[in-house]
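# All I have is the shape, not the residue letters:
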């Protein structure tokens, strides 16, 4: 498909632009290249986004995300359907608070739930589509940023031994965690008060947030980010307690270390504002 662009506006600081075509339609263009951090975007990101969006629209017939209109992986460009006009939910929450937009929050949660439900059990079909665009390791891809734990001793910044990637709960728990993620959270075996699936999901999310740990040193005093990390770790510990008790203990240990390192993280979590925008 050929798309002729007549004008465009970059949406800083991302490698994203809203463009107008010669048919007087707007589209979204994404590309790889230098970022504000002067790092180069990994080419696999564009391949993964193109494969995932096409899998949703073409493979599953879902209208939960923008459609891919054109892609040129050689040039590192992706053209998407423009969903504008839309008002971003985070902007509404900042202006009016969560209470004023309960219906929109419910709709967002419903969309996320529907996305998980319709994609459950289709991993093999998705990875066939993804592999057609370039090499991919499905096991590592499922873990995403958590895979950095393989090499990273990042939690040692807090004086806490690193998790050794999937072995943080010992060999048996590590294998249960890996299997739960590989099976897909909705299909994971129910083993414990909350089940391995939800427990693995919460621990996985906590580990992903920990990959940003070093950034928290640069946040200003009183910033809620550090307290939010404590909340995530303690919630993961509570959810994983029945199914993955050693991992739950490790999450509590790291949460306590975060509280010790940053005084503004050692607070009553119930007193935190219900929403704090990312800065």
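That came through, no problem. All of these numbers come straight from a predicted model, not from anything done at the bench.
# what's the next secondary structure element after the strand or helix carrying residue 80?
Per DSSP states H and E: residue 80 is located in strand 77-81. Next along the chain after strand 77-81, taking DSSP H and E as the criterion, comes helix 89-96.
# And that next one, what does it pack against?
Counting contacts by 3 or more CB pairs under 8 Å, 6 or more residues apart in numbering; DSSP states H and E, helix 89-96 is packed against helix 102-119. Bear in mind the C-beta positions are built from the backbone N, C-alpha and C, glycine included.
# For the helix it packs on, which helices and strands make contact with it?
Against helix 102-119 (3+ CB pairs under 8 Å, 6+ apart) you get helix 89-96.
# Tell me what angle the helix it packs on forms with helix 102-119.
160 degrees (axes from the mean of the first three to the mean of the last three CA atoms, to 10 degrees).
# Quick one: distance of the strand holding residue 80 to the chain centre.
Relative to the mean C-alpha coordinate of its chain, strand 77-81 is positioned 21 Å out (CA atoms, centre = their mean, to the nearest Å).
# What average pLDDT does it get?
Taken as a whole, strand 77-81 has a mean pLDDT of 95.
# The helix or strand harbouring residue 7 - what's its average pLDDT?
Assessed by DSSP H and E, residue 7 sits inside strand 5-10. The pLDDT scores in strand 5-10 average 92.
# moving C-terminal of it, what's the next helix or strand?
Per DSSP H and E, the helix or strand that comes after strand 5-10 is strand 16-21.
# gap between that following strand and the chain center?
On CA atoms, centre = their mean, the centre of strand 16-21 falls 25 Å from that of its chain.
# okay, now the closest residue to residue 63 other than its chain neighbours: neighbour count?
Spatial nearest neighbour of residue 63, excluding adjacent residues (CB to CB, 6 or more residues apart in numbering): residue 57 at 7.2 Å. Here the number of neighbours of residue 57 (other CB atoms under 10 Å) works out to 17.
# Same check on residue 108?
Residue 108, neighbours per other CB under 10 Å, totals 12.
# that older thread, return the residues in contact with the residue nearest to residue 63.
63, 65, 67-68 (CB atoms under 8 Å, 6 or more residues apart in numbering).
# Please report which of these has the highest neighbour count.
Busiest of the contacts of residue 57 [other CB under 10 Å] is residue 68, holding 21 neighbours.
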